[in-house]
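Undergrad: below are the sequence and a predicted model for it; my questions follow.
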Amino acid sequence: MAITGVMRSGLAQIRVLDMEESVKFYTEIVGLNEVCRTDDGRVCLKTYDEFDHHCLTLRQAESAGLDFFGFKVDCDCLLDKIAEDAKAFGQECEFIDANSDQPGFGRRLAVKIPNGHRIDLYADVEISEPHPMLKNPHIWSSRPRGVGARFFDHGLLAGPNSAETVRFFIEVMGLSKVEVVRMPDGNGDIATWLSCNTRLHDVAVLEFPDPGKLHHVAFSLRDWDEIGRAADFMAVNGVVIDAGPTRHAVTRGQTIYFFDPSGNRIETYAADFAYFPDMPVREWDFSELTWGINYYDHDNKIKPSFLGVVT
């Protein structure tokens with residue numbers, strides 16, 4: 001399959017309350033590698049199995065949450081086309097100079113989408129160490145730390161106007177709709193999962209009254225065994241787990257949700273099936289959402305924090 005256009009999600013900048021505590025959490029617990037620090041105090045990190053300069057930027061602020069969520073495209077020229085289409089869709093957008101605030105990244109297009117989030121798109125990214133070996137490559141050059149996050153996987157963005165947001169992702173960015181949960185009255189969707197490639201989703205959209213809210217960002221693990229090992233590691237280190245270890249019926253993903261020291265929700269996620277654009281959309285009734293989220297919960301209950309806490 002030739003993956004062209006918008007290829008994948010690959011970058012997020014989140015706000016944290018205490019930088020050094022957060023860096024320790026993301027390096028020692030999640031297992032990311034610190035790549036660099038900027039002059040204004042932001043910290044750039046990456047997983048052990050990625051080539052791009054970094055996938056996560058931490059910015060110290062007075063409140064937690066998401067500054068922007070980023071997607072990589074296959075050529076810089078596509079940014080101009082998406083800018084034209086975004087403006088025609090009615091969205092504000094601007095170009096950000098290369099290396100201006102994200103070291104190693106070429107110019108980016110920042111777009112304000114209907115649910116209040118900012119989406120950044122980019123094509124040119126430098127390779128940074130550490131990255132997977134290229135000559136006679138071992139599985140990894142040094143043992144993964146913490147839960148061993150392999151690569152940046154997806155994000156769940158909460159806000160109003162989810163139908164228009166989904167339409168933007170499909171019509172302007174070319175994403176495919178993979179799975180949906182219907183509203184309680186059946187009129188529209190309360191949640192939608194969208195993919196750029198063969199991943200089950202690169203981004204999900206949740207209807208929520210407040211704009212620009214983050215439900216979670218996710219990092220990939222390999223399988224259920226790694227999810228179980230991650231749960232053991234979190235228990236030993238006193239990490240606050242919000243949900244899991246469990247399995248979704250939606251996406252069939254195996255998962256743990258937990259909080260960073262600032263209250264941002266993070267997920268470790270192992271996917272179960274591959275997606276291809278010729279597949280039909282999978283649809284859930286709202287009444288079935290509880291076991292769609294937690295496939296092993298036959299009491300039909302979800303922790304209030306899971307759907308109510310966003311940053």
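TA: That came through, no problem.

Undergrad: now do the most far-flung residue of the chain relative to its centre, the pLDDT please.
TA: Within the chain, Asn136 marks the point farthest from the mean C-alpha position, 30.9 Å out by C-alpha atoms, centre = their mean. On the pLDDT scale, Asn136 is placed at 87.

Undergrad: now do it against Ala243, distance only.
TA: As judged by C-beta to C-beta, to the nearest Å, Asn136 and Ala243 stand 41 Å apart. For glycine as for every other residue, the C-beta is placed from the backbone atoms N, C-alpha and C.

Undergrad: same deal with Gly116?
TA: From Gly116 to Ala243 the distance is 25 Å (C-beta to C-beta).

Undergrad: look at the two and report which has more neighbours.
TA: The neighbour count for Gly116 versus Ala243, taken as other C-beta atoms under 10 Å, is higher for Ala243 (20 against 17).

Undergrad: what are the ranges of the helices in this structure?
TA: 19-24, 77-89, 162-171, 224-236, 289-293, 304-308 (DSSP state H).

Undergrad: which one of the ones you listed lies closest to Leu58?
TA: Closest approach to Leu58 among the helices of the chain (C-beta to C-beta): helix 19-24, 5.4 Å.

Undergrad: and the worst-scoring helix or strand of the chain on mean pLDDT, which residues are buried?
TA: Of all helical and strand segments in the chain, the minimum by mean pLDDT, DSSP states H and E falls on helix 304-308, at a mean of 79. Using 16 or more other C-beta atoms under 10 Å as the test for burial, helix 304-308 gives Phe306.

Undergrad: next: stretch 177-189.
TA: Lys177, Val178, Glu179, Val180, Val181, Arg182, Met183, Asp189.

Undergrad: quick check: buried residues in stretch 271-283?
TA: Here stretch 271-283 shows Ala271, Tyr275, Arg282 as buried, counting by 16+ other C-beta under 10 Å.

Undergrad: which residues sit against it?
TA: 1, 153, 176-180, 182, 195, 197-201, 220, 250-254 (C-beta atoms under 8 Å, 6 or more residues apart in numbering).

Undergrad: please, a ChimeraX command that selects the buried ones among the residues you listed?
TA: To isolate the buried members of those in ChimeraX, using 16+ other C-beta under 10 Å:
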select :153,176,177,178,179,180,182,195,197,199,200,201,220,250,251,253,254
